[in-house]
Every structure is written in C-alpha cells, then in structure tokens.
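Engineer: using only what follows, build the 3D model:
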Amino acid sequence: MQQYNYFRFIEKIKEKDRADYPVILMHGFNEFLGENIIDTLSNRFLESRSDFNYRRYYFDHEDSCTVNDILNDAASSNFFLQSRKIIVITIRDQKKLTFKKNELEELREYLAKPNKNTILIIYLSLNLMRDDYKSVKKQKVDKLLGKLDTPSLIAVDLDKINEKEIYQFIKKELKKSNISITASALDKLSDIKGDDIATVLGQMPLFEIIDKTDNIIDTEDIDQIISGISTHSIWDLTEAIEKEDVGKYLNVLRYLFINGIKAPFIIGTLITHYNKIYTAKFLLKSHFSAYDIGKILAQPSFILNRFLNSVKHFSEDKLLRILDLIYKIDLEAKTSGEESVKLSLQNFIFQVSMI
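Structural biologist: Got it, this is the predicted structure:
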C-alpha cells in the first residue's frame, strides 16, 4: 500500500499518468479536501465530466447497488479516451465501513488486478465530529486499511497535514495574484483556527478579494477573511469593556450577532485578548520594549499603542477575575445552548462593572 498526505498526492497527480492511480482510498476528518483531489483528478484525466465517465455511488443506509455492481462498472472501461472512467464510492455512514466478507473478497480480487483505465476512489466522507472521528478511525478506518492493504492501493491521509505545508501553499497561491501575506497574519490564522487550520484551504478565494493595503494581507485582515467582520469591531468591544460602557458594549455585541458571528468565536477572541494583556504586563515588568512586546504577541504596529494603553489600564487582580469570568462562559458554551451563552455574554459587561 502506497501512502500519501494531501499535498504530496496533489503533486503526484500533476506528474504521473492515469495508470498510477488504480484504486485510491481517501480518509480523514478533513474530508472536504477529498473533493479537491477528485476535482484535480477529473481535470487531469477526463476531457469533461459526463454521466458516462464520472460516476458517484453513495453508501449511506439502504444502497441501490452492490459492491459487485460498482466493480463491474469499473472493469468495463477501456483504453479509448472517451471510455475511461473515474468512479467514486462515497461512504458517509460509519456503519458502512464494515464490509461483508464477500464484499471484502470482491474488493481484494479487484485490487489484485485493477482496470488501468479506471480510477476507483473509495472516499470516506464521514459525517462526524473530530473526537468521534478519532474513535472511529482507530476502531474501523485503520482496520479497513489493513484488510485492503495491497500494492495497488493508494491511501491518502487527509489529516496528515501540517501548518508549514499550509502556509507554503497559501503564500504560493497568493503569489500567483501578486499578493503577499505577513508572518504575523499567518500566526493569527493559527490562533483563530487551531486544530481546524486545514479549513483555511477552502477559504482561499477570500484572501484574494479582501480589501487590503498594497496587496499585503496583514493581521488586521485575517479576522475579516475568516469571520466576515473587521478587527475594529472586536477592538470596539474590548474598549467598551475597559471603559465599562454598557451601551456601546451591547450595541457592538448585537452587531456581531446580527452579522452571524458565533458566540464561541467572540469568547475565544476575548480569552486571547486578555491573556495577551496579562502576558504584556509581565513583559513590561521585565523591561521589554514596546517593539519587542508587539513582536512577541503578534500585535501589528497600527494597534500596538492602543494595546499597551489597555495593558496599563488593568490591574493584575482585575485581569485574573475577568479571565475567570470569560473561562466560565467558555465552559458554558461547551455545555449549554447558544441562546444561553449569548445571554451570558450580554451579562458579562455588568459582571465586569461589579469587579
């Protein structure tokens, strides 16, 4: 079994001939990347998609076809250009990862002598949360890979992808449009996305259409690209908290909600903001310069003075108590409904005023 990650396999498609892809099994929580691979293969090896040369079968609940039907379809294509095929078996239900004994035997027989004129893709596009996927991968996906482990099988792990590869891809794609992105902007991406950093790959068009200065994407552009709001909205929110301006805080919060910004994003931003303030207070005590603090905490120059004013405004005790309040709301966000969390965010300003 040959094994690839997403980027290595995309590069392989650009270099190799159709005969090198007899059977592909794509798996991972980042299953949306599988669609990019299917599109890349289609563009590379099909003149244009049609009902004849591109077929997709779904294994959900009650299937209208069998594994044998699909393999017969795969075996029917020939070397004529218009007779070549891409066939996709899309598995959405984790129960369908456990093939019957005769189905496994049929798959292994096909793998032993695959049709070189067909690209057969087994696409595990499971409808699961991240933690659930980890459990299913260990219990079912890895076992399926083991049972189908033959020289003809190419396994593509859609999760085996690191930040460095993603950053290189982003910079390379933006360079084609004469756009650059700063290191601090990439760090901001990582802060916002966390474990979901790979989803940035599906948002690349937003990087090109965003209103930017001198074709450079900097930290202040990232919030708007990822969330659809501008950085000043978050700063307005934190400024209202510092001034204990209840009216302004509630108006900005309402604006964010109306524009579709989810409560967990706002909570995460507030946690990051106040943790940075707490860290900056320590750095100031240790005689770090304003420039060094901005660099360490990835604060762009245009908001650095405003940020340092916030640092001086808070006592350590008040900062810790504010962070304690936010973390309690964050815990509530993981255990309660959205409306309850929105109400807690609205009440947050009143709790801060009472400190």
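Engineer: what's the helix ranked longest in the chain in contact with?
Structural biologist: Taking DSSP state H as the criterion, the chain has its longest helix at helix 263-285. Outside of helix 263-285, the residues within contact range by Cβ atoms under 8 Å, 6 or more residues apart in numbering are 191-192, 227, 234, 237-238, 253, 256-257, 292-293, 296-297, 299, 307-308, 310-311, 314, 316, 319-320, 322-323, 326-327, 329-330, 333, 338, 341-342, 345. For glycine as for every other residue, the C-beta is placed from the backbone atoms N, C-alpha and C.
Engineer: can I get it in CSV? Just the C-alpha atoms.
Structural biologist: C-alpha atoms of helix 263-285 as CSV (Å, rounded to 0.1, in the frame of the first residue of the first chain):
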residue,chain,number,x,y,z
ALA,A,263,-20.6,33.2,20.5
PRO,A,264,-17.6,30.7,20.8
PHE,A,265,-15.6,32.9,18.3
ILE,A,266,-16.2,36.0,20.4
ILE,A,267,-15.4,34.2,23.6
GLY,A,268,-12.2,32.8,22.1
THR,A,269,-11.2,36.3,20.9
LEU,A,270,-11.8,37.7,24.4
ILE,A,271,-9.7,35.0,26.0
THR,A,272,-6.8,35.6,23.6
HIS,A,273,-7.0,39.4,24.1
TYR,A,274,-6.9,39.3,27.9
ASN,A,275,-4.3,36.6,28.0
LYS,A,276,-2.1,38.8,25.8
ILE,A,277,-2.7,41.7,28.1
TYR,A,278,-1.7,39.6,31.1
THR,A,279,1.5,38.4,29.3
ALA,A,280,2.3,42.0,28.2
LYS,A,281,2.1,43.2,31.9
PHE,A,282,4.7,40.6,32.8
LEU,A,283,6.9,41.6,29.8
LEU,A,284,6.7,45.3,30.8
LYS,A,285,7.8,44.4,34.3
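Engineer: how many other residues sit next to Ser177?
Structural biologist: Neighbour count of Ser177, defined by other Cβ atoms under 10 Å: 9.
Engineer: distance of the closest residue to it other than its chain neighbours from Leu71?
Structural biologist: Spatial nearest neighbour of Ser177, excluding adjacent residues (Cβ to Cβ, 6 or more residues apart in numbering): Glu208 at 5.3 Å. From Glu208 over to Leu71 the distance is 42 Å, taken as Cβ to Cβ, to the nearest Å.
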